[in-house]
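Enquirer: Quick one, fold the following:
(2 chains)
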Amino acid sequence: MSSIAPVIDMPTKDLDAWFNQRFDEKMAEREAAHTPSMTIIATKGTMDMAYPPFILASTAAALGWDVSIFFTFYGLSLLKKQLDLKVSPLGNPAMPMKLPEGPSWIRGKELPIPTSIMTLVPGFENMATSMMQKTMDKKGIARIEELRELCAEAEVKLVACQMTVDLFDHDQDDFIPEIHEWVGAASFLPRALKADVNLFV
Amino acid sequence: MTETTHTLDARGLNCPLPILRTKKAIAALASGEILEVTATDPGSVKDLDSFCSQTGHEMVSSEEAADGFVFLIRKA
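Expert: Numbering: from 1, shown residues only, chains lettered A, B, ... in the order given. You can find the predicted model right below:
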């Protein structure tokens, strides 16, 4: 700095002040022009775990962010035309098991059986899923189909993992046409590198 | 103050639907017009504030009424 100062004929102190001010202005300009971006990796295919990626993506898009979701492994099933998502109490001791309907003395009460025992009952997952769905509908929580549609509408890039399709012998025709592209890790990572927010779900 | 002619009923909806519906409704407005949003989700109070500060729209007022929270938002 001291070697430049004489050249432009300004005391170092003034030059520093001038530079700091210009730097702050330029940074503010840059920040104002910057579109925030987010990339999400969705790896889970259960109904409960389908919510975080779609809620965060649709909200971020509403805030004006540029969003991509990379669907891989079981997460890829979230892009199927026919969604058949289930929620499992297995290995999920924190899942509240409350009846959404029925007489008031039973409604909203926790069932006093550990979830690990409940899951041994045949058909229990289906029952838990329909209970969860009923509770969500009653509380005004959007269905996954609706959130997914809103994401596509808001131009969230739904990126599908090519390897998963091959691995699980899926048929590409079973997936929604809104899919932005079918790629692998090497195509997704450069996008994640530039994003402000990266999430793994 | 400008008269509000645009309203959005987001009552009974939960996160993130009030935000998404607001975003959609506001897109149809002209700059400077005001949208009145009514919501029952208590989270929407802070979330709509944050929505406004991120998107540049102005939160003209935000209050609790008998039938929910009422927000007046002026489009940027």
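
Enquirer: what about the nearest residue to B:Thr22 once chain neighbours are set aside, how many neighbours?
Expert: In space, and not counting its chain neighbours, B:Thr22 is closest to B:Val37: 5.5 Å by C-beta to C-beta, 6 or more residues apart in numbering or on different chains. (Glycine included, C-beta is placed from N, CA and C.) Per other C-beta atoms under 10 Å in any protein chain shown, the neighbour tally for B:Val37 reads 25.

Enquirer: Could you do the one 3 residues further on as well?
Expert: When neighbours are defined as other C-beta under 10 Å, B:Thr40 has 16 of them.

Enquirer: pLDDT at it, what is it?
Expert: Here, the pLDDT recorded for B:Thr40 equals 94.

Enquirer: Doesn't B:Asp9 lie inside a strand?
Expert: Yes: counting by DSSP: H, G, I helix; E, B strand; the rest coil, B:Asp9 is part of a strand.

Enquirer: now it, which residues is it bridged with?
Expert: B:Thr38 (DSSP bridges).

Enquirer: what's the burial count for it?
Expert: Counted with other C-beta under 10 Å, the neighbours of B:Asp9 add up to 14.

Enquirer: Could you do B:Ala27 as well?
Expert: Using other C-beta under 10 Å: B:Ala27 sits among 9 other residues.

Enquirer: Kindly provide the distance from it to B:Met59.
Expert: The gap separating B:Ala27 from B:Met59 is 17 Å, by C-beta to C-beta, to the nearest Å.

Enquirer: which residues touch the spatially most central residue of chain B?
Expert: In chain B, the centroid-proximal residue (C-alpha atoms, centre = their mean) is B:Val37; its distance is 4.1 Å. Contact analysis of B:Val37 by C-beta atoms under 8 Å, 6 or more residues apart in numbering or on different chains lists B:Thr7, B:Leu8, B:Ala10, B:Pro18, B:Thr22, B:Ala25, B:Leu48, B:Val70, B:Phe71, B:Leu72, B:Ile73.

Enquirer: Dump those to CSV, plus secondary structure and pLDDT.
Expert: Shown next, in CSV, are those (DSSP: H, G, I helix; E, B strand; the rest coil; pLDDT from 0 to 100):
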residue, secondary structure, pLDDT
B:Thr7, strand, 93
B:Leu8, strand, 95
B:Ala10, strand, 94
B:Pro18, helix, 93
B:Thr22, helix, 95
B:Ala25, helix, 94
B:Leu48, helix, 95
B:Val70, strand, 96
B:Phe71, strand, 96
B:Leu72, strand, 95
B:Ile73, strand, 96
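
Enquirer: Okay, now the unreliable bits of the chain?
Expert: Using chain A. Scanning chain A for pLDDT under 70 picks out A:1-7.

Enquirer: that answer is for a different chain, and I need it for chain B
Expert: Residue ranges of chain B with pLDDT under 70: B:1-4.

Enquirer: same thing but at 90, please
Expert: Confidence mapping of chain B against pLDDT under 90 gives the ranges B:1-5, B:15, B:67.

Enquirer: Going along the chain, name the strands of it.
Expert: Remark: strands assigned in chain B by DSSP state E are B:6-10, B:34-39, B:58-65, B:68-74.

Enquirer: what comes into contact with the longest one?
Expert: The contact list for strand B:58-65 (C-beta under 8 Å, 6+ apart) reads B:1, B:34, B:38, B:45, B:48-49, B:52, B:69-74, B:76.

Enquirer: rerun that using 10 Å as the cut-off
Expert: B:1-2, B:4, B:32, B:34-38, B:42, B:44-46, B:48-53, B:69-76 (C-beta atoms under 10 Å, 6 or more residues apart in numbering or on different chains).
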